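Novice: need a structure here:
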Amino acid sequence: MRLGGSVMKPYASPKEWLGHVKELGYSAVIFPVENTAPAAVVREYAQVCRDNDLLIGEVGAWRNVMARDEKERAANLDWNIRQLELAETVGANCCVNISGSAGEIWDGYHPSLDSREVYELVVSNTQRIIDAVKPTHTAYSLEPMPWMIPESPEQYLQLMKDVDRAAFKVHLDYCNMLNGLDRYRHASAFITRCFELLGAHIVSIHAKDALLADGMLPIQINEVAPGEGTLDLSLVTKLAHGLGEDIPVFVEHLPDHDAYMKAAAVMRQAAQRAGVPVKG
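Specialist: A predicted model of the protein is given here:
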């Protein structure tokens, strides 16, 4: 299994960045520069990854391709295209975004997200981005969200059929799909179903934990750092390992370097309990 995550310490060169990556013990990385970086800088970071057997798991494209404003939407679509081009250039497993929202909060809930119109827009946006680049190595992926397409493994499979592009692959964030009490109660079965249905198409995984908040209604399920919730992280590592050693498992959404160090250690311990080797 290849473990990775963000680098929170500042860096001004590939050498400094590599030092932080090694301290964290990562064998998979999120590519640290964007498409606006000079070509020479992109090549330097990509070469450091190749020289040190670091799998580039993701290039992020985090902009709202469903924005209400037409100019903003067009600019964000173009950004996603440029980031996908970058992912192809550096040999990343995927370029990842979320499907977006017509609401004020681009990653937040909006009633229209359940409409056929929005579903068809997600399909056409995804096709447009992929067709503009026609990648042969990397993939374009959508991270699931609790209230946003795709919000279940079944919906992800259907979306893949409707997008109908070989370069559209799965970015699995099982935690983001724990959007109800039943899925939380039976989280291990749900996580297993995600891998069973989507495994052949998965190119990157976010490994997170979850915890049901105390108190009265409404139900609130919080994302927490690995080891601070109730999810079976050893199961996650076992299922990820079953997909092959070049499927990266990333920890994320942590506040600082020390928190990433701790989370990576927790995931290594989970892998050890499952008898799963961790590269690096």
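Novice: Residue 204 and residue 57 touch, don't they?
Specialist: Yes. Using CB atoms under 8 Å, residue 204 is in contact with residue 57, at 5.0 Å. For the C-beta atoms, the positions are set from N, CA and C on the backbone; glycine is no exception.
Novice: Residues that sit against both of those two, list them.
Specialist: When CB atoms under 8 Å, 6 or more residues apart in numbering defines a contact, the residues bordering residue 204 and residue 57 alike are 93-94, 248, 250.
Novice: so how many other residues sit close to residue 219?
Specialist: Residue 219 has 12 neighbours, counted by other CB atoms under 10 Å.
Novice: Contacts only, for it.
Specialist: Per CB under 8 Å, 6+ apart, neighbours of residue 219: 180-181, 212.
Novice: redo that, cut-off 6 Å
Specialist: Contact partners of residue 219, counting by CB atoms under 6 Å, 6 or more residues apart in numbering, are residue 181.
Novice: Give me the pLDDT value at it.
Specialist: As predicted, residue 219 sits at a pLDDT of 88.
Novice: where do the helices sit along the stretch 1-150 of the chain?
Specialist: Along the stretch 1-150 of the chain, the stretches classed as helices by DSSP state H, counting those that start in this stretch are 14-24, 39-51, 70-90, 116-133.
Novice: just checking, what packs against the longest one?
Specialist: Looking back up the chat, that one is helix 70-90. When contacts are defined as 3 or more CB pairs under 6 Å, 6 or more residues apart in numbering; DSSP states H and E, helix 70-90 sits against strand 55-60, strand 94-97, helix 116-133.
Novice: Quick one: these as a markdown table, columns for distance to residue 217, mean neighbour count and mean pLDDT too.
Specialist: Shown next, in a markdown table, are these (distance: least, CB to CB, whole Å; neighbours: other CB atoms under 10 Å; pLDDT from 0 to 100):
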| stretch | distance to residue 217 | mean neighbour count | mean pLDDT |
| --- | --- | --- | --- |
| strand 55-60 | 35 | 24 | 98 |
| strand 94-97 | 33 | 28 | 98 |
| helix 116-133 | 28 | 17 | 96 |
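Novice: right, and these - which one's nearest residue 235?
Specialist: strand 55-60 (20.4 Å; CB to CB).
Novice: what's in contact with that closest one?
Specialist: By CB under 6 Å, 6+ apart, strand 55-60 touches 2, 4, 28-31, 49, 83, 86-87, 90, 92-96, 204, 246, 248.
Novice: and if you look at stretch 163-176?
Specialist: Outside stretch 163-176, the residues within contact range by CB under 6 Å, 6+ apart are 96, 123, 126-127, 130, 135, 139-141, 143-146, 160, 191, 194, 198, 201-206, 208, 210, 223.
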